[in-house]
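A.B. asks: sequence and predicted model, in that order:
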Amino acid sequence: MSFITVPLDSTFIRKSFSCGIAALDNYLHKQANQDIKRHLSACFVMPGQNNTIIGYYTLSNDSISQDLLPIEIARKLPNSYKNLPVTLLGRLAMDEQFKGQGIGCKLLMDALYRCYILSQQISSMAVVVDPIDDSAISFYQKYDFIMLPDSGRMFLSIDTVKLLFN
């Protein structure tokens, strides 16, 4: 699989992007470049015509407490690891004009593939998301993300991601 996204840079027209969720629109319009410069997150965009943005997602390193994992996953891990390395898929959004065309799935698969490749160089045992609403929860559940109890976060193991690409 080849990536369908590229890193966000100043050549892209961000102001016309609208996914219908103000927090996600504002992030791309106002904050993404600052986060990239500060090494807080990496932002990848699916390019459209004339340097517009069809969709985007962000990735960063993160960790989660082993206590948050379902017991069937946690019992397979050494107790000495209280915090576990994960990759945070912080934001994923597509422009409203492209809804219903499978763009969300393409962005997610691109992000998961990138996470899998990176996990071979810098360990990450899972991809974690913080779904913004019930619609996002439903979206991620279709791809086998599971809810982490008492955290509002969702989890997909790298072993599961690996199965998608091997």
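C.D. replies: It's in. Everything numeric here is computed off the predicted structure, so don't read it as measured data.
A.B. asks: the helix-or-strand element of the chain with minimal mean pLDDT: which residues count as buried?
C.D. replies: Lowest mean confidence among the helices and strands of the chain (mean pLDDT, DSSP states H and E): helix 71-74, at a mean of 84. Neighbour-count burial for helix 71-74 flags Ile73 (criterion: 16 or more other Cβ atoms under 10 Å). C-betas here are computed from N, CA, C, even on glycine.
A.B. asks: which other helices and strands does the helix or strand just after it contact?
C.D. replies: Once the chain leaves helix 71-74, the next helix or strand it forms, by DSSP states H and E, is strand 83-94. Counting contacts by 3 or more Cβ pairs under 8 Å, 6 or more residues apart in numbering; DSSP states H and E, strand 83-94 packs against helix 22-26, strand 53-65, helix 103-119, strand 126-129.
A.B. asks: and the residue nearest the centre of this protein?
C.D. replies: Leu89 (2.3 Å; Cα atoms, centre = their mean).
A.B. asks: need the contact list for it.
C.D. replies: The contact partners of Leu89, by Cβ atoms under 8 Å, 6 or more residues apart in numbering, come to 57-59, 111, 115, 127-129.
A.B. asks: quick one: residues in contact with the least confident helix or strand of the chain.
C.D. replies: For helix 71-74, contacts defined as Cβ under 8 Å, 6+ apart pick out 66-67, 157.
A.B. asks: quick one on the thing from earlier: what sits against the closest residue to the residue nearest to the centre of the chain other than its chain neighbours?
C.D. replies: Distance criterion Cβ to Cβ, 6 or more residues apart in numbering; nearest residue to Leu89, sequence neighbours excluded, is Val129 at 4.9 Å. Counting by Cβ under 8 Å, 6+ apart, Val129 touches 88-90, 92, 136, 140, 145, 153-154.
A.B. asks: which of the helices and strands packed on strand 83-94 sits most buried?
C.D. replies: Sort the helices and strands packed on strand 83-94 by mean neighbour count, taking mean count of other Cβ atoms under 10 Å, and strand 126-129 sits at the top with a mean of 26.
A.B. asks: neighbouring strands - and their directions - for it?
C.D. replies: Each strand paired with strand 126-129, and its direction, by DSSP bridges: strand 83-94 (parallel), strand 154-157 (antiparallel).
A.B. asks: in the helix or strand just after the last one, what's buried?
C.D. replies: Okay, so that is strand 154-157. Where DSSP H and E defines the elements, the next helix or strand beyond strand 154-157 is helix 158-165. For helix 158-165, the buried set under the neighbour-count rule, 16+ other Cβ under 10 Å, comprises 158, 160-161.
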